[in-house]
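Colleague: how would this look folded up:
(one chain, ligands or ions: 1)
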Amino acid sequence: MKKVLLLICLVCGFTTVSAQEGGHVAPECTEWYSPQPPKVQPGDKPGNAPSDAIILFDGKNLDQWVSIQDGKKVPAKWEVKDGAMVVVPGTGTIQTKEYFGDCQLHIEFKTPKPAGPINKLQMKGNSGIFLQSIYEVQVLDGEDNPTYVNGMVGSIYKQSAPLANAFTGTEKWQVYDIYWKAPKFGTDGVMESPAMITVVLNGIVVQNNYILKGNTPYIGFPTYKPHGRLPLLLQDHGVTVAYRNIWIRNL
Ligand code: MG
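Modeller: You can find the predicted model right below:
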């Protein structure tokens, strides 16, 4: 086997030199066969979990989620109803038991019918998907909602407005597919590469390889602090937003 590889390298080396001299490169010189990518069975229909996904919510229970109370992990207190999990305002954010870095996330949400004059702008269907507990992809009702655009549905909160408003309506299920490249930090805590995100809402790209400036605070400007793998977190912003069909793949 080694002899065969050596022969190919020698031939390719020879043809590369020839190419530099204006000759021909054999097609085999730019092809490889290993390692083979793992076989992954896609879901039986678009949006359904593939074979290697971690199921974070399948409509039945909150077993994959916890809340933090007085610094301790306690069972998540959101309601499971009709195959969805619903924010119970005042019970706090929930987070996954598992920690994540680079990932592909599928998550669906539905905003409720506004229940009064206070339920508008940032209170209209507000929740949030926090990658690694820190970086928020905004969840908000995008129907007739003249809030600031870098805080609307599809935004990276207070950093990047979405490329389009792909929201289809209050009380209708919305589908997020999120592709996340975690920030990398050296052993000395210095950032080696920032976080990058692509967000697809209902099949429409709303963030295209956006490079994050740091975290996503309500007040102030984004900053980075070194960290490793962290839980995925969903926000309780005082509104009964529902979620369903949540799965994630480590990348
Ligand atoms: Mg939010």
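Colleague: ok, which residues in the stretch 51-200 of the chain are in contact with the ion?
Modeller: The stretch 51-200 of the chain comes close to the ion at residues 126, 128, as judged by Cβ under 5 Å from the ion. Bear in mind the C-beta positions are built from the backbone N, C-alpha and C, glycine included.
Colleague: helix or strand: which one has whichever residue of the chain sits closest to the ion?
Modeller: Nearest residue of the chain to the ion: G128, at 3.2 Å (Cβ to the ion). In this assignment (DSSP states H and E), G128 forms part of strand 127-131.
Colleague: off-centre distance for that strand?
Modeller: 9 Å (Cα atoms, centre = their mean, to the nearest Å).
Colleague: and the next helix or strand after it, what other elements does it pack with?
Modeller: Downstream of strand 127-131, the first helix or strand assigned by DSSP H and E is strand 135-139. On a contact count with 3 or more Cβ pairs under 8 Å, 6 or more residues apart in numbering; DSSP states H and E, strand 135-139 meets strand 127-131, strand 196-201.
Colleague: listing partners with orientation, what would you give for the next helix or strand after strand 135-139?
Modeller: Sequence order places strand 174-181 as the next helix or strand after strand 135-139, per DSSP H and E. The sheet places strand 174-181 alongside strand 103-110 (antiparallel), strand 196-201 (antiparallel), with pairing taken from DSSP bridges.
Colleague: residue contacts, F109?
Modeller: F109 makes contact with 127, 139, 173-174, 176, 241-244 under the criterion Cβ atoms under 8 Å, 6 or more residues apart in numbering.
Colleague: in this structure, which residue is closest to the centre?
Modeller: Most central in the chain under Cα atoms, centre = their mean is I178, positioned 3.6 Å from the mean C-alpha point.
Colleague: any low-confidence regions in this structure?
Modeller: 1-23, 115-118 (pLDDT under 70).
Colleague: mind doing that once more with 50?
Modeller: Per-residue confidence for the chain (pLDDT under 50) gives these ranges: 1-2, 4-9, 13-19.
Colleague: hmm, back to that, run the angle between the strand holding G128 and strand 103-110 for me.
Modeller: Angle, strand 127-131 to strand 103-110, by axes from the mean of the first three to the mean of the last three Cα atoms, to 10 degrees: 170 degrees.
Colleague: okay, now the sheet partners of strand 127-131, with direction.
Modeller: strand 135-139 (antiparallel), strand 230-234 (antiparallel).
Colleague: which helix or strand contains the residue nearest to L232 when sequence neighbours are not counted?
Modeller: Distances taken as Cβ to Cβ, 6 or more residues apart in numbering place T96 nearest to L232, at 4.7 Å, with adjacent residues excluded. Element membership for T96, per DSSP H and E: strand 94-100.
Colleague: just checking: what are the partner strands of that strand?
Modeller: Sheet pairing for strand 94-100, assigned by DSSP bridges, gives strand 65-69 (antiparallel), strand 230-234 (antiparallel).
Colleague: what does the last one rub up against?
Modeller: Going back to what we said before, that points to strand 230-234. 56, 65, 87, 93-100, 105, 127-134, 243, 248.
Colleague: can that strand be said to contact the ion?
Modeller: No. Using Cβ under 5 Å from the ion, strand 230-234 stays clear of the ion, coming no nearer than 9.7 Å.
Colleague: change the start of the numbering to 425 and stick with it
Modeller: In the new numbering, first residue 425, that becomes strand 654-658.
Colleague: tell me which helix or strand I672 sits in.
Modeller: strand 666-674.
Colleague: packing partners of that strand?
Modeller: Using 3+ Cβ pairs under 8 Å, 6+ apart, strand 666-674 is in contact with strand 478-481, strand 508-510, strand 527-534.
Colleague: quick revisit: mind putting the strands paired with strand 598-605 into CSV with distance to N569?
Modeller: Output for the strands paired with strand 598-605, formatted as CSV (distance: least, Cβ to Cβ, whole Å):
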stretch, distance to N569
strand 527-534, 15
strand 620-625, 14
